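*Asks:* Provide a 3D model corresponding to the input given below.
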Amino acid sequence: MGDHPCALRLAEVLVEAADTLTDDFDPERYLRRVSDRSVELLDAQGAGVLYAGGGDGVRFIPGSRQQEVVRALLAVQLRGGPCLDSFGTGKPVPPIRVDSNVVGARWPAFAERAGEHGVAQTFAVPLRHGGTTLGVLNVFVSHAHQKAPSERELRIAQVLADAAAVGLVNHRTHARALTLTQQLQGALDSRIRIEQAKGMLAERWNTGMDEAFEALRRYARRERQVIDLVAVQVIKRTLTGELLRKDRSAP
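*Replies:* Numbers count the residues shown, from 1 in each chain. Below you'll find the model as predicted:
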């Protein structure tokens, strides 16, 4: 990654990973793209993400290259593998040969499945932010790869994973802020409508605002309606003041 074109491409990918503050953001599509960029930058056989930060259980998100193979390699790791190790420790699992005795003894199901699909080496890096691990990016290297993954490639993968974690957290924060803003705006709009309905009734009845509000509230309670909806009916004149006035005298 020392040459200019490769460094420039990495910068472009990191900028792309930061773009998560959009209304149509989808975590699965986003993480698939992160996996694809990892394959591109690392010249890997395939890559995928074990994602556990969405609040709906663990999801396996393979990249576009050899999608079903990668999905199978991620899923088998529920019985043990570099993803679980990295997720549990919050640290990378450095490149390791799949046919080594260590892998065969430690993750036998994963080693067998990886060997069946021509995976020579694998490594995993956590998607971490602020001490929280959201998932793991797992990269798979085939026998056709010209050289073993280096420390530099592991660092590149970690940079991509860190950028993805920041992007996911930023989107989550943005979504919460947007929801809160919408809730506050909705509450303000509701209050304005209720005040408008109160004013219309008070003027029509030549009475006080408190008495008009009590009429609105009694009617809403009796009809089991939200008071904001009653206010809208008053404003649109689909609910007559006479009906509310009659209800005003009810016990």
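*Asks:* quick check: Gly80 touching Arg106?
*Replies:* Yes. Using Cβ atoms under 8 Å, Gly80 is in contact with Arg106, at 6.8 Å. Where you see a C-beta, it was placed from the backbone N, CA and C, and this is true even at glycine.
*Asks:* what's the helix or strand for Phe60?
*Replies:* In this structure, Phe60 sits in strand 59-62 according to DSSP states H and E.
*Asks:* residues in contact with that strand?
*Replies:* Residues outside strand 59-62 that contact it (Cβ atoms under 8 Å, 6 or more residues apart in numbering): 28, 31-32, 35, 46-52, 68-71, 74-75.
*Asks:* filter those residues down to the buried ones, ChimeraX style.
*Replies:* Remark: buried members of these, expressed as a ChimeraX selection using 16 or more other Cβ atoms under 10 Å:
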select :31,32,35,46,47,48,49,50,51,52,69,70,71,74,75
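*Asks:* now, the contacts of strand 59-62 that are in helices?
*Replies:* By the criterion of DSSP state H, membership of those in helices covers 28, 31-32, 35, 68-71, 74-75.
*Asks:* residue nearest the centroid of this structure?
*Replies:* The residue lying closest to the centre of the chain (Cα atoms, centre = their mean) is Pro27, at 4.6 Å.
*Asks:* please report the distance of that residue from Leu73.
*Replies:* Noted for Pro27: a distance of 20 Å to Leu73, by Cβ to Cβ, to the nearest Å.
*Asks:* what does Ala202 give?
*Replies:* 70 Å.
*Asks:* so those two - more neighbours on which side?
*Replies:* A direct count of neighbours by other Cβ atoms under 10 Å for Ala202 and Leu73 places Leu73 higher, at 28 against 17.
*Asks:* contacting residues for that one?
*Replies:* So Leu73 contacts 46, 48, 110, 113-114, 117, 119, 138, 140 (Cβ under 8 Å, 6+ apart).
*Asks:* buried ones among those?
*Replies:* 46, 48, 110, 113-114, 117, 119, 138, 140.
*Asks:* so who does the residue sitting furthest away from the middle of the chain touch?
*Replies:* For the chain, the largest distance from the centre (Cα atoms, centre = their mean) belongs to Asn206, which lies 53.9 Å off. By Cβ under 8 Å, 6+ apart, Asn206 lies in contact with nothing.
*Asks:* what does it show for phi and psi?
*Replies:* phi 60, psi 50 (degrees, to the nearest 10).
*Asks:* what pLDDT does the closest residue to Gln225 other than its chain neighbours get?
*Replies:* Nearest residue to Gln225, sequence neighbours excluded (Cβ to Cβ, 6 or more residues apart in numbering): Tyr219, at 7.7 Å. For Tyr219, the model assigns a pLDDT of 91.
*Asks:* what's the answer for Ala157, then?
*Replies:* So Ala157 comes in at 93 (pLDDT).
*Asks:* lowest confidence element among the helices and strands of the protein?
*Replies:* Ranking every helix and strand in the chain by mean pLDDT, DSSP states H and E puts helix 241-248 at the bottom, with a mean of 69.
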